[in-house]
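# Take this sequence and fold it.
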Amino acid sequence: MLWVLIPFVSYVNFAHLQLSLGAGVGLLIGYIGLGIAGSLAWALGKRIGMARSALGGLICTVILANTGYLGLPMTIALLGTHALPHAVAWDQVISGPMVFTAGFAVGAAFGTGERAGAGIGERLKLFLTRNPPLWGAVAGLLVPSGWAPNPLPYISRQVIEAMLVLGFFAVGVYLSSERREEHAPLFQRPDRVMAIALGCRFLVNPALLGGVALLGIGIPSAYFLQAAMPCGINGLIVGHAFGLDQRLIATSIVWSTLLVVAVGVVVQFA
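Presented below is the predicted three-dimensional model:
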């Protein structure tokens with residue numbers, strides 16, 4: 001997924017990316033909101049004395065969201081197909097780049113794997129050499145759209161669907177293996193760490209978008225929905241590459257996804 005599938009999807013989608021100026025303000029606010037949420041998670045996690053790998057995992061669960069695999073289908077189901085272009089813009093312009101920029105930077109800074117304790121130069125090298133999605137995205141931005149002909153976007157959507165299955169399978173594998181080794185129940189009861197993760201993930205960015213909307217700036221409704229999506233499966237990829245707390249990431253994904261799906265079902269049939 002890290003070295004083949006995700007770089008391919010990044011290349012194709014960035015080669016065909018078209019963003020209107022009108023929705024730019026909302027996307028900028030989205031980045032600011034994720035920065036605030038990630039910083040808040042870092043401050044709260046550090047205050048309660050979380051270990052380095054757990055703190056990095058917590059930050060990743062907050063700044064990396066499932067706006068593609070779950071966000072796009074939920075946008076169609078709850079808001080209609082007319083809202084899909086805005087949802088796609090959020091996913092491609094914010095969520096995708098966040099994985100291989102901020103997500104990998106957090107992994108390089110807080111990871112406890114083989115490169116733990118490395119200096120800034122070594123961590124920067126790690127950020128670049130273990131970041132194939134970034135290579136695909138840069139290539140997609142540099143080449144004309146003709147270099148990613150029409151069949152490739154369709155193929156990339158099929159790849160995304162395959163990664164959805166693989167990603168959730170990975171969540172189950174990590175949860176099961178961690179719980180069996182520690183003789184713990186499969187589903188960990190929410191604690192204060194989960195409260196921090198879910199609170200920062202669900203509240204900060206939607207509240208900031210809402211505040212901007214109150215000023216009279218038209219924020220697309222799809223942005224609010226995408227901002228409230230659960231923790232992203234890509235967090236597991238970052239955690240695996242850099243040695244972050246995989247159990248914390250996987251548990252956050254499970255609880256946040258269950259919550260979003262439950263709320264979505266209630267709204268759909270209410």
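# My understanding was that Thr101 contacts Leu134; is that so?
Yes: using CB atoms under 8 Å, Thr101 makes contact with Leu134 at a distance of 7.2 Å. For every residue, glycine as well, the C-beta is placed using N, CA and C.
# Quick check: closest non-adjacent residue to the residue nearest to the spatial centre of the chain.
Centroid-nearest residue in the chain: Leu64, 2.4 Å away (criterion: CA atoms, centre = their mean). Distances taken as CB to CB, 6 or more residues apart in numbering place Gly232 nearest to Leu64, at 3.9 Å, with adjacent residues excluded.
# So what's the residue count around the one you found?
The number of residues packed around Gly232, counting by other CB atoms under 10 Å, is 31.
# For Thr112, which residues are in contact?
Arg52, Ser53, Gly243, Leu244 (CB atoms under 8 Å, 6 or more residues apart in numbering).
# distance of the last one from Pro7?
This points to Leu244. 21 Å (CB to CB, to the nearest Å).
# Which one's more surrounded, the two?
Per other CB under 10 Å, whichever of Leu244 and Pro7 has more neighbours is Leu244, with 28 against 21.
# and the more buried one, that's in a strand?
No: read with DSSP: H, G, I helix; E, B strand; the rest coil, Leu244 is coil and lies in no strand.
# distance of it from Ala37?
The value you get for Leu244 to Ala37, if CB to CB is used, is 17 Å.
# Pro230 now?
On the measure of CB to CB, Pro230 and Ala37 end up 14 Å apart.
# and if you look at Pro206?
10 Å.
# Among those two, which residue is more densely surrounded?
Ala37 (23 against 17).
# Go ahead and list the helix or strand containing the more buried one.
helix 24-47 (DSSP states H and E).
# Can you name every helix or strand that that helix contacts?
helix 52-63, helix 84-90, helix 192-214, helix 221-227 (3 or more CB pairs under 8 Å, 6 or more residues apart in numbering; DSSP states H and E).
# So what's the residue count around Gly140?
22.
# so who does it touch?
Ser10, Tyr11, Val12, Asn13, Phe14, Ala15, Leu17, Ala148.
# Give me the nearest residue to it, chain neighbours excluded.
In space, Gly140 is closest to Phe14, 3.1 Å off (CB to CB, 6+ apart).
# Name the nearest residue to Ile36, ignoring sequence neighbours.
Per CB to CB, 6+ apart, closest to Ile36 is Val204, 5.6 Å.
# my read: the residue nearest to Gly140 touches Phe100, true?
No: with contact defined as CB under 8 Å, Phe14 does not reach Phe100; the gap is 11.3 Å.
# list residues touching both of the two?
Ala137.
# out of the two, which sits in the more crowded spot?
When neighbours are counted by other CB under 10 Å, Phe14 and Phe100 differ, and Phe100 comes out ahead with 26 against 22.
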